[in-house]
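Enquirer: task: produce atomic coordinates for the following.
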Amino acid sequence: MEGLKESMIPSYLYSSKFKTGFSNDHLVSNKGNSSKSTSFLSSEMDPVEKRGFVVAAPSEPGKIKMFSPAYYAACTIGGTLACGTTHTAVTPLDVVKCNMQIDPVKYKTISSGFGVLLKEQGLKGFYKGWAPTLLGYSVQDIALCPFEAVKVRVQTQPGFARGLSDGLPKIIKAEGVAGLYKGLTPLWGRQIPYTMMKFASFETIVEMMYKHAIPTPKEECSKNFQLGVSFAGGYVAGIFCAVVSHPADNLVSFLNNAQGATVGDAVKKLGLWGLATRGLPLRIVMIGTLTGVQWGIYDAFKVFVGLPTTGGTPPATAAK
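Expert: Next up is the predicted model:
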């Protein structure tokens, strides 16, 4: 109903300030002094108001002010939903990828990796480590490290533990709390360049898409179309993310799989080329997909709460 009321009133009648100069007291006090009244109104009204009668702009309930605390809270919730759910959804790819990194002789290719896992562990084997994945990638940063340690062990060592509930205390009992954080440095080496590339490349890719590939300005595109652009831009950004962070991802898998292993052991066993390429094709598919879906979910949540989608050419500033 509020929207109907707004649509019945021309937009040029709205003003952020309600100062028409038409108060009854003023008209009474200036009765018989038209020149004075005209002078007063001309000096008091801004250019918009000089066109005619102006009413106050209606409020927009449910909208979140940009860069306010509510804006950052909404972005945080959207990011949590996007990261935790998408990483959990691609757990089967992650399980095969980790095993290809740890045992390339047994898990030689993507297709054979899926076949070996299905034959030996059944369908449930593809979802090993889903709980630490969901929790870890929802909270991120240092809090991700212990969950990642449990995830890798559960996914690459059959019989080690059923999941998070028994895997976490088992590592602590064997190696202490420090055992949960021995992969922290390579984890930072993976997550920091990954995150930098994720945001920097996404913004650039989306801006280039709207400039060179999409004939319609972003603000004139439908929200569904903008979300499609977010997914496409996110997928391409995910490919770059996978490439720059893959050596560190191999280190994380190697260190968390073997007790007492060091970075030197990983370099010696895998070699620099192995660190950069082992399991990379599958990880490109995995990271590309989840990054595209992440940006899609994130922007869909922003649209749901009344915020614009991410990226693209910013709207032109009104001339003063």
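Enquirer: buried stuff in the longest helix seen in the chain?
Expert: When every helix of the chain is counted residue by residue (DSSP state H), the longest turns out to be helix 223-257. Residues of helix 223-257 classed as buried: 226-227, 229-243, 245-257 (neighbour count, 16 or more other CB atoms under 10 Å). All C-beta spots, glycine's among them, are computed from the backbone N, C-alpha and C.
Enquirer: equivalent analysis for stretch 183-195, please.
Expert: Along stretch 183-195, the positions that meet the burial threshold by neighbour count (16+ other CB under 10 Å) are 183-184, 186-187, 189-191, 193-194.
Enquirer: what number of residues lie near residue 285?
Expert: Per other CB atoms under 10 Å, the neighbour tally for residue 285 reads 17.
Enquirer: roughly how far apart are the residue nearest to it when sequence neighbours are not counted and residue 284?
Expert: Here the nearest residue to residue 285 in space, its sequence neighbours aside, is residue 93; by CB to CB, 6 or more residues apart in numbering that works out to 6.7 Å. Spatial separation of residue 93 from residue 284 under the definition CB to CB, to the nearest Å is 10 Å.
Enquirer: right, and residue 203 touches residue 309 too?
Expert: No. Using CB atoms under 8 Å, residue 203 makes no contact with residue 309, being 11.7 Å away.
Enquirer: just the ones of the buried residues of stretch 183-195 in helices?
Expert: 184, 186-187, 189-191, 193-194.
Enquirer: before we move on, back to that, average pLDDT for the next helix or strand after the longest helix of the chain?
Expert: If you walk from helix 223-257 toward the C-terminus, the next helix or strand you reach (DSSP states H and E) is helix 263-277. Looking at helix 263-277 alone, the average pLDDT works out to 92.
Enquirer: helix or strand next in line after helix 263-277, which one?
Expert: Using DSSP H and E, the helix or strand that directly follows helix 263-277 along the chain is helix 280-304.
Enquirer: check which helices and strands that following helix is in contact with.
Expert: Contacts of helix 280-304 with other secondary structure elements, assessed using 3 or more CB pairs under 8 Å, 6 or more residues apart in numbering; DSSP states H and E, are made with helix 69-89, helix 91-102, helix 110-121, helix 223-257.
Enquirer: closest to residue 273 out of the ones you listed?
Expert: Within the helices and strands packed on helix 280-304, the stretch nearest residue 273 is helix 223-257; the backing value is 10.0 Å (CB to CB).
Enquirer: got the helices and strands packed on helix 280-304 as a markdown table, with distance to residue 304 columns?
Expert: What follows is the helices and strands packed on helix 280-304, written out as a markdown table (distance: least, CB to CB, whole Å):
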| stretch | distance to residue 304 |
| --- | --- |
| helix 69-89 | 9 |
| helix 91-102 | 26 |
| helix 110-121 | 36 |
| helix 223-257 | 10 |
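Enquirer: residue 277: which of these is closest?
Expert: Comparing the helices and strands packed on helix 280-304 by their distance to residue 277 (CB to CB), the top pick is helix 223-257, with 7.6 Å.
Enquirer: and the angle from the closest one to helix 91-102?
Expert: Using axes from the mean of the first three to the mean of the last three CA atoms, to 10 degrees, one finds that helix 223-257 and helix 91-102 are set 40 degrees apart in direction.
Enquirer: relative to helix 280-304, how tilted is helix 223-257?
Expert: Angle between the axes of helix 223-257 and helix 280-304 is 140 degrees (criterion: the same axes, to 10 degrees).
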